[in-house]
Every structure is written in structure tokens, then in C-alpha cells.
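Participant: 3D, please:
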Amino acid sequence: MDKAITEFDFEKLYPGYTLVSLQAYSFSECRLLEKVVLPDTLEEIPDYAFHYCVKLTEVSLPSSLLKICDDAFYEC
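Facilitator: Just a heads-up that it's a prediction; the model follows:
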């Protein structure tokens, strides 16, 4: 992941793709990331997916989300 991104909208970047789960450390240390829009198909956010995203202030969580692991937003 590009550590300099400030916004990530999965459906705008990957139209037509289905995402059920992120990988651990997917956005780890994206220190400039402020906003994330997750897809309607997402079911799980794993540990450390957004580790140390210190500027993250807005996350759009879909209704399909079943699990947010304890350390998904560690050090945010």
C-alpha cells in the first residue's frame, strides 16, 4: 500500500470486485490516511489492518461487517 495516500475508497478504485476481508497490516503505517470507505461486501477487519494510521478520522463501515478484531485500529 502506498504510505502517502490520504483517502481510500475501495469501490471507486476497484469497481465490480468483491472484498470479504482485509489482510492484517493492509494499511499499516499509512500515517497520512484520513478517510477509508470500505465495500458493502466486507465481513472482517483483521488485527493491525489500520495499525498506526495516526490521522485516520473517518471510516465507513458496511452493514455486512461481522467482525472487527481487537487490534484492527491499534495505535490510531
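Participant: okay, buried residues for stretch 44-55 please.
Facilitator: 45, 46, 48, 49, 50, 51, 52, 53 (16 or more other Cβ atoms under 10 Å). (Each C-beta comes from the backbone N, C-alpha and C, glycine too.)
Participant: correct me if wrong: the third one contacts residue 76.
Facilitator: No - if you go by Cβ atoms under 8 Å, residue 48 and residue 76 don't touch, sitting 10.6 Å apart.
Participant: before we move on, back to that, pLDDT, distance to residue 24 and secondary structure for the buried residues of stretch 44-55 - can I get that in TSV?
Facilitator: As requested, the buried residues of stretch 44-55 are exported to TSV (pLDDT from 0 to 100; distance: Cβ to Cβ, whole Å; DSSP: H, G, I helix; E, B strand; the rest coil):
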residue	pLDDT	distance to residue 24	secondary structure
45	98	10	strand
46	97	5	coil
48	97	5	coil
49	97	6	coil
50	97	10	coil
51	95	8	coil
52	96	13	coil
53	96	14	coil
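Participant: and residue 37, how many neighbours?
Facilitator: 16 (other Cβ atoms under 10 Å).
Participant: quick one: pLDDT of it?
Facilitator: We have a pLDDT of 97 for residue 37.
Participant: could you do residue 3 as well?
Facilitator: 81.
Participant: which ones are touching the residue nearest to it when sequence neighbours are not counted?
Facilitator: Closest residue in space to residue 3, ignoring its immediate chain neighbours: residue 30 at 5.3 Å, by Cβ to Cβ, 6 or more residues apart in numbering. Applying Cβ atoms under 8 Å, 6 or more residues apart in numbering to residue 30 gives the contacts 1, 2, 3, 5, 50, 53.
Participant: those into JSON lines, with extra columns for distance to residue 66?
Facilitator: Shown next, in JSON lines, are the contacts of residue 30 (distance: Cβ to Cβ, whole Å):
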{"residue": "1", "distance to residue 66": "23"}
{"residue": "2", "distance to residue 66": "28"}
{"residue": "3", "distance to residue 66": "29"}
{"residue": "5", "distance to residue 66": "26"}
{"residue": "50", "distance to residue 66": "17"}
{"residue": "53", "distance to residue 66": "22"}
